[in-house]
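Student: here is the input, now give the coordinates:
(2 chains)
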Amino acid sequence: MSLTQLMEQRRAKIAQWRAIGCEPYAYRYEVTHHADALLARGDAVTQEFGERVRIAGRIMTMRGHGKAGFAHVLDPTGRIQVYFKSDVMGDHFRRYELLEVGDWVGIEGPLFRTRSGEISVRADQVELLAKGIRPLPEKWHGLTDPETRFRQRYADLFVNLDVRETFRRRARLVSAIRRFLDGRGYLEVETPVLQPLYGGAFARPFVTRHNALDVDLYLRVSNELYLKRLIVGGLDRVYEFARDFRNEGMDRSHNPEFTLLEFYQAFADVEDMMALTEQLVSEVLQAALGTLHVPHEGRTLDFTPPWRRVSMLDAVSEKVGESVHALDEAQLARLCRARGLAARPGTGAGGLLDELFSELVQPELQDATFLIDFPAETSPLARVSRRDPRVVERFELFAAGMELANAFSEQNDPDAQRAAFEAQGAARARGDEEAQPLDEDYLRALEYGMPPTGGVGIGIDRLVMLATGSRSIRDVILFPQLRPEEGRPTPDDVAEPAEEGAEGR
RNA sequence: GCGCCCGUAGCUCAACUGGCAGAGCAACUGACUCUUAAUCAGUAGGUUCUUGGUUCGAUUCCAAGCGGGCGCACCA
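Tutor: You can find the predicted model right below:
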């Protein structure tokens, strides 16, 4: 039967409900109990009818038996069985007869255990809360098509219950991070998503248009420069869970919009931030998973502190079989060519090193590992190292071959920062499309003086992947980016944008 | 962007070498007052992603397009 016919059939039920005096879309229902708590009562529930409860949820299965029947109702916490019996329901039995899988119902009646042993609610009263007119996916195989699952996450969430658990765990992880930072005197702040100038990361931005101001604005690729402006202002510890946007390809670990936690602490350096990151991540993973031996794609990743520290230069040297510490751009280019690798244009020796690292070393970083000793060219916002002027004070955290965090001793010398920006401008002129633009306002802020500061960015989506055993970032983002569905109306089809005066309704 | 794979009923999947497009679940009718992938009897449901081509004949072969998955590239 076609979808249209199936939906017409179900839609016809609406009139039947109204004919018996029931409004098929209710306004409220007093819920007294949730399924998980009722099921947890275990042996306390017997075949004797016990406490009266009111539950509400979506009907997932029905088994009719003439003048009786069973259904499983899914509420926010789980499924519980409901028993409908004609001779105790009076005219509410007619309501049961009109119910179908997919409807939202409120059920009132005593809790009991069936002869076959399942804790159930005997329905004395049935209220239709919302009529479902679209048929549900199959009860046994469920919904497996990835495209449908992502496009119709609303269906995915009530068919594949582990999806609910993934996003609950994500929420718990985020609030654990908040508690961690709040407990250390950090202030949660909000900074602009729409920025006149993007910066703080190497990435191509999305561009949008502000009509009233008649200017182009960028969706932020990072909030780094704004958070450091706040440090200049004297807010000594700040953080933000920032939705950032990068106009790049998508794959298992990249979505065009993603969540990056950034936190900055005055009077701290990269060493302090490394210690803090190690503590934060291990504490949060322990809380989410109950262990620091994180299962991931068939292997176990070790997050037990202290984490290994690997020098980028040493690791690459080891892989290429010669020291790269003192090599110039031409020599590094030779090493890349020999392996068929190409760095981003215009990024110089640093870019070549980074390319060698990404290809040769990064995939092997499975257990939590701090990478240190980065070249300055690819770190324009970091300070030069006190112990080795050829590198900057920076670390990245890797696990499962993914970059999880990025941090440095923040550059607070306005002249050095200007020079680094200008070097970025030169890189852009040489073809680096992701070079960071010079931000005069940010330099103005630094000119007022920024205290020594350590800053960290942590990829929340990737951290959640580890905490939930997800192999794709799409499994931890509720509505991952997809191509628009065919036939869906575009904004141009709908209406002209509202004029002034129509806003703020 | 490139390569490989996929797209069949609401859902999950079949259909041999090109020969009438099928099943289970869901739906509909009937029976059934403790079932649980309820059971039993019956009924109905298709733009085989789209467009074009080859062919007597295309779900099947070819081309282009659309959408998706995986990999690569991009992306720190």
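
Student: how long is stretch A:231-251 end to end?
Tutor: 35 Å (CA to CA, to the nearest Å).

Student: mind checking how far stretch A:120-140 is from the chain centre?
Tutor: The chain centroid and the centroid of stretch A:120-140 are separated by 31 Å under CA atoms, centre = their mean, to the nearest Å.

Student: now for chain A, the helix or strand with the poorest mean pLDDT.
Tutor: Sorting the helices and strands of chain A by mean pLDDT, DSSP states H and E puts helix A:491-494 at the bottom, at a mean of 35.

Student: and the helix or strand hosting A:Met60, average pLDDT?
Tutor: For A:Met60, the host element (DSSP states H and E) is strand A:52-64. This predicted structure assigns strand A:52-64 an average pLDDT of 97.

Student: stretch A:329-336 now?
Tutor: If you average the pLDDT over stretch A:329-336, you get 84.

Student: so which bits of it are buried?
Tutor: Burial within stretch A:329-336, assessed by neighbour count using 16 or more other CB atoms under 10 Å, is assigned to A:Glu329, A:Leu332, A:Ala333, A:Leu335, A:Cys336. Heads up, the C-betas are built off the backbone N, CA and C, glycines and all.

Student: closest one to RNA strand B out of the residues you listed, please.
Tutor: Closest approach to RNA strand B among the buried residues of stretch A:329-336 (CB to the nearest atom of the strand): A:Cys336, at 10.3 Å.

Student: where does the prediction get shaky in chain A?
Tutor: Segments of chain A classed as low confidence (criterion: pLDDT under 70) are A:486-505.

Student: looking at this, A:Arg18 is in a helix?
Tutor: Yes. Assessed with DSSP: H, G, I helix; E, B strand; the rest coil, A:Arg18 lies in a helix.

Student: neighbours around it, how many?
Tutor: For A:Arg18, the tally of surrounding residues (other CB atoms under 10 Å) stands at 11.

Student: excluding chain neighbours, what is closest to the residue lying farthest from the centre of chain A?
Tutor: For chain A, the residue at maximal distance from the C-alpha centroid (CA atoms, centre = their mean) is A:Asp87, at 50.2 Å. Leaving out its chain neighbours, the residue that sits closest to A:Asp87 by CB to CB, 6 or more residues apart in numbering is A:Lys67, at 7.4 Å.

Student: ok, now which ones touch that neighbour?
Tutor: Shown in contact with A:Lys67 (CB atoms under 8 Å, 6 or more residues apart in numbering): A:Lys85, A:Ser86, A:Asp87, A:Phe93.

Student: which strand or helix spans the third one?
Tutor: If I follow you right, that is A:Asp87. Using DSSP H and E, A:Asp87 falls within helix A:86-89.

Student: ok, the last one next?
Tutor: The secondary structure element spanning A:Phe93 is helix A:92-98 (assigned by DSSP H and E).

Student: let me know whether that helix sits next to RNA strand B.
Tutor: No. Helix A:92-98 is not in contact with RNA strand B by CB under 7 Å from any atom of the strand; minimum separation 9.2 Å.

Student: what helices and strands are in contact with that helix?
Tutor: On a contact count with 3 or more CB pairs under 8 Å, 6 or more residues apart in numbering; DSSP states H and E, helix A:92-98 meets helix A:3-19, strand A:125-130.

Student: next, the angle strand A:125-130 makes with the longest one.
Tutor: Computed by axes from the mean of the first three to the mean of the last three CA atoms, to 10 degrees, the angle separating helix A:3-19 from strand A:125-130 equals 130 degrees.

Student: helices or strands up against helix A:3-19?
Tutor: Under the contact definition 3+ CB pairs under 8 Å, 6+ apart, helix A:3-19 sits against helix A:92-98.

Student: re earlier: so how do I select the buried members of the contacts of A:Lys67 in PyMOL?
Tutor: A single PyMOL command suffices to select whichever of these are buried according to 16+ other CB under 10 Å:
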select buried, chain A and resi 85+86+93
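
Student: next structured bit after the helix holding A:Phe93?
Tutor: strand A:104-113.

Student: which residue is the nearest non-sequential neighbour of A:Ala26?
Tutor: For A:Ala26, ignoring the flanking residues on the chain, the nearest one in space by CB to CB, 6+ apart is A:Leu129 at 4.6 Å.

Student: so the one you found touches A:Gly106, yeah?
Tutor: Yes. Proximity of A:Leu129 to A:Gly106 meets the contact threshold set by CB atoms under 8 Å, at 5.4 Å.
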